[in-house]
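J.: have a look; sequence and predicted model below, questions after that.
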Amino acid sequence: MLTPQSLLDQQRQSSLGEPKLVVRNLSKVFQQKRKSLSVLEQINLHLFPNEFVCLVGASGCGKSTLLNIIAGLSKPTAGEVLVDGEVIYGPGSDRGMVFQSYTLYPWLTVAQNIGFGLQLQKMPSSERKQHIAYYLEMIGLSKFAHAYPKQLSGGMKQRVAIARALATEPEVLLMDEPFGALDAQTKEQLQEFLLDLWEKTKITVLMVTHDIEEAVFLSQRIYVLGNHPGRMKDEVAVNLPLQRDIDIKLTPEFIELKRQVVQTLR
């Protein structure tokens, strides 16, 4: 018998096509001397093409561990991750990753940081310059092309990190609390920047955050992860307009969605 959720998934799949990213029956157990620590248990999630999905949960629930497994940086104990129907076994150019720390190469300029992955892909120099110029303009940092990371603010560094991940044109962009280290005002500015960037590129995004307000503002769906071990507690559809500004956070619809996620976490 089909549940309402499975019927909803079938309707969504018929309108959006096959999922871009699938996590299927995934578990992760760490061995600690004579003990086993179960961090993730029977995780199932999916992202359709061009979706922006957030994963929220309390600290220590396994959010970053799950993202690292999806990125191919860690292996699951059980289950699998698929991109475009193919099982992944390690890192790949089909997945871009943005971390909370900026992870820019301090000895490279902004332009060189953005083009680093393109150079590894052996893209011809002339084409690489065009790509770099495009993403510099997209993130509003063309004037800082020859600056070094130490000359940038935290928000500017994170914009460069996002551009570097996007420059290689991955199928899925993975983000691990990318604005967690920023002050409130800069965070809101970058949230609007990220939504605008997502609208322009239509890339598929899975973002981990502990900030429920941020998740509601950015995403189309929210997965709520419980802890000890991390289990999927709920999936919340964010039925808000795709084009959003900061003022939407004050609307009754936004506040009700935030309340729903908070109650699920509790």
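T.: That came through, no problem. Please read all numbers here as calculations on a predicted model, not as lab measurements.

J.: who does the helix or strand containing residue 195 touch, helix- and strand-wise?
T.: Following DSSP states H and E, one finds residue 195 within helix 184-201. Helix 184-201 makes packing contacts with helix 154-167, helix 212-218 when contacts are defined by 3 or more Cβ pairs under 8 Å, 6 or more residues apart in numbering; DSSP states H and E. (Glycine included, C-beta is placed from N, CA and C.)

J.: name every strand pairing with the next helix or strand along the chain from that helix and say which way it goes.
T.: Counting by DSSP H and E, the element after helix 184-201 in chain order, helix or strand, is strand 204-209. In the sheet containing strand 204-209, the strands it pairs with under DSSP bridges are strand 52-57 (parallel), strand 172-176 (parallel).

J.: okay, domains of this structure per the record?
T.: For the chain, automatic domain parsing gives the domain ranges 4-94+173-265, 104-169.

J.: lowest average confidence across those domains, which one?
T.: Taking each of the domains of the chain in turn, the one with the lowest mean pLDDT is domain 4-94+173-265, at a mean of 89.

J.: can you pull out the strands in this protein?
T.: 21-32, 35-47, 52-57, 78-83, 86-87, 95-98, 172-176, 204-209, 221-225, 232-237 (DSSP state E).

J.: next, the angle strand 35-47 makes with the last one.
T.: Angular relation of strand 232-237 and strand 35-47 on a 0 to 180 degree scale: 20 degrees, by axes from the mean of the first three to the mean of the last three Cα atoms, to 10 degrees.

J.: and strand 232-237, what does it pack against?
T.: Applying 3+ Cβ pairs under 8 Å, 6+ apart, one finds that strand 232-237 makes contact with strand 35-47, strand 221-225, helix 252-265.

J.: ranking these by burial, who's on top?
T.: Among those, the stretch with the highest mean neighbour count (mean count of other Cβ atoms under 10 Å) is strand 221-225, at a mean of 23.
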